[in-house]
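Need a 3D model of the following:
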Amino acid sequence: MPRKSLTFAAVRRIALALPGVEESTAYGSPAFKVRGKLLACIPIHRSAEPGSLVVCVDFPDRDALLAEAPATYYVTDHYIPYRSVLVRLSHITPAQLRDLLATAHKFATRKPVRAPRPRRP
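The predicted structure follows:
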């Protein structure tokens, strides 16, 4: 039987404890951002299950989460091209959510890797 679902208030407490995270909106939905970059939000696409959260992570991290706990993490066709994973709040513990949001924070704050400039002759 699933444990008691985490509330958005619990998500808020965990997210806002991370450095530089601010409460905001994304596509009209409550969201958390760091330096203007999306960390997590309530999904607005109808393909997401009620009681879910969208968390921004890189594709390898998403693949690992999906393989590790498919009852907790999922994607729908709409979210496949995006660097994000959907999370069933009824299946995740506060500690797991803390770890996931910390991963999202690292993803959002990392410096982009740029291709080397071509040398001029």
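
What separation do you get for the closest residue in space to D61 that isn't next to it in sequence and H91?
Spatial nearest neighbour of D61, excluding adjacent residues (C-beta to C-beta, 6 or more residues apart in numbering): T103 at 5.9 Å. C-beta here means a position set from N, CA and C on the backbone, and glycine is covered the same way. Distance of T103 to H91, given as C-beta to C-beta, to the nearest Å: 17 Å.

swap in L16?
22 Å.

V75 too?
15 Å.

ditto for S5
Taking C-beta to C-beta as the measure, S5 falls 8 Å from H91.

top helix in this structure by residue count?
Identified as the longest helix of the chain according to DSSP state H is helix 94-109.

Residues in contact with it: which ones?
Applying C-beta atoms under 8 Å, 6 or more residues apart in numbering, the external contacts of helix 94-109 come out as 6, 10-11, 14-15, 18-21, 32-35, 37-40, 55-58, 61, 65, 72, 83, 87, 92.

Any of those residues buried? List them.
Using 16 or more other C-beta atoms under 10 Å as the burial test, the contacts of helix 94-109 include 6, 11, 14-15, 18, 21, 32-34, 38-40, 55-57, 61, 65, 72, 83, 87, 92 as buried.

Please flag which of those sit within helices.
11, 14-15, 61, 65.

For this structure, which segments are assigned as strands?
Counting by DSSP state E, the chain has strands at residues 21-26, 29-34, 37-41, 52-56, 73-74, 84-88.

The third one pairs with which strands?
Looking back up the chat, that one is strand 37-41. Partner strands for strand 37-41, per DSSP bridges, with pairing direction: strand 29-34 (antiparallel), strand 52-56 (antiparallel).

and that strand, average pLDDT?
Strand 37-41 shows a mean pLDDT of 96.
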